[in-house]
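Trainee: here are the coordinates; sequence isn't available:
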């Protein structure tokens, strides 16, 4: 007895799923190849890979973000205004597909700042914070921008709000530690750094700074009372390059 054949609609659906899976793998592979070229400073070659990745999965934001980042770097390094304009368009296309893409918001905010539109960069991040009230990342990115504008007090306020939303956010904790470190409050900075590492131990810069602060605290404790019993002042050490 002959078995009934599968309906054509099911066959087409199966083929579509297989094609989508194949395209997803190719998308990831092309993005990875592009990232490798980007890290070598070969931005135009990287852009070609990212464009191919987009052609495989035009619905995903990562390819657009990667291409935007490549064009952004090309525009900055080689003074190409057209590349900067294209990067801005691509960042926005990425955000249309991935509305909470942290790196994309950061890249676009930096580009707006670099092209003399700092107010627009603040609006971008503030609008993101309003649209995603339970997401701490907009606050962390606002803090980064404020810190770079030497508005440390406002940056700290944003980080406190981020930690109100998510008390164990590793990035917010590390960022708050950095601000307090730069202000000379090493003990509080150390606590923030340690809490950040407890959440995410894969932060080599934070771990290195913790080791430095702990070493300094140990040395200060041993010198606090010398042979004469005289207390010595604790010397503040400038923070290392902790980023978030």
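Mentor: Alright, I've got the coordinates. In this text, all values refer to a predicted model and were calculated from it rather than measured experimentally.
Trainee: if I look at the closest residue to residue 92 other than its chain neighbours, how far off is residue 175?
Mentor: Closest residue in space to residue 92, ignoring its immediate chain neighbours: residue 108 at 7.2 Å, by C-beta to C-beta, 6 or more residues apart in numbering. Heads up, the C-betas are built off the backbone N, CA and C, glycines and all. Shown here: residue 108 relative to residue 175, a distance of 19 Å by C-beta to C-beta, to the nearest Å.
Trainee: With neighbour numbers in mind, choose between those two.
Mentor: The neighbour count for residue 108 versus residue 175, taken as other C-beta atoms under 10 Å, is higher for residue 175 (28 against 25).
Trainee: The more buried one and residue 54: what is the separation?
Mentor: Residue 175 is 32 Å from residue 54, where distance means C-beta to C-beta.
Trainee: Could you count how many residues lie near residue 199?
Mentor: Counted with other C-beta under 10 Å, residue 199 comes out at 16.
Trainee: for residue 143, same thing?
Mentor: The number of residues near residue 143, taken as other C-beta under 10 Å, comes to 29.
Trainee: Show residues contacting the one helix or strand it maps to.
Mentor: Element membership for residue 143 (DSSP states H and E) is helix 137-148. Around helix 137-148, the neighbours that count as contacts under C-beta atoms under 8 Å, 6 or more residues apart in numbering are 100, 102, 105-106, 109, 113, 121-122, 125-126, 128-129, 132, 152, 154-156, 158-159, 161-162, 165, 169, 171-172, 175, 178-179, 244.
Trainee: Mind telling me what element the residue nearest to the spatial centre of the chain is part of?
Mentor: For the chain, residue 103 is the residue whose C-alpha lies nearest the centre (C-alpha atoms, centre = their mean; 4.6 Å). Per DSSP H and E, residue 103 falls inside helix 102-114.
Trainee: quick check: angle from that helix to helix 137-148?
Mentor: 30 degrees (axes from the mean of the first three to the mean of the last three C-alpha atoms, to 10 degrees).
Trainee: Now restrict the contacts of helix 137-148 to buried residues only.
Mentor: By neighbour count, with 16 or more other C-beta atoms under 10 Å, the contacts of helix 137-148 hold 105-106, 109, 113, 121-122, 125, 128-129, 152, 155-156, 158-159, 161-162, 165, 169, 171-172, 175, 178-179, 244 as buried.
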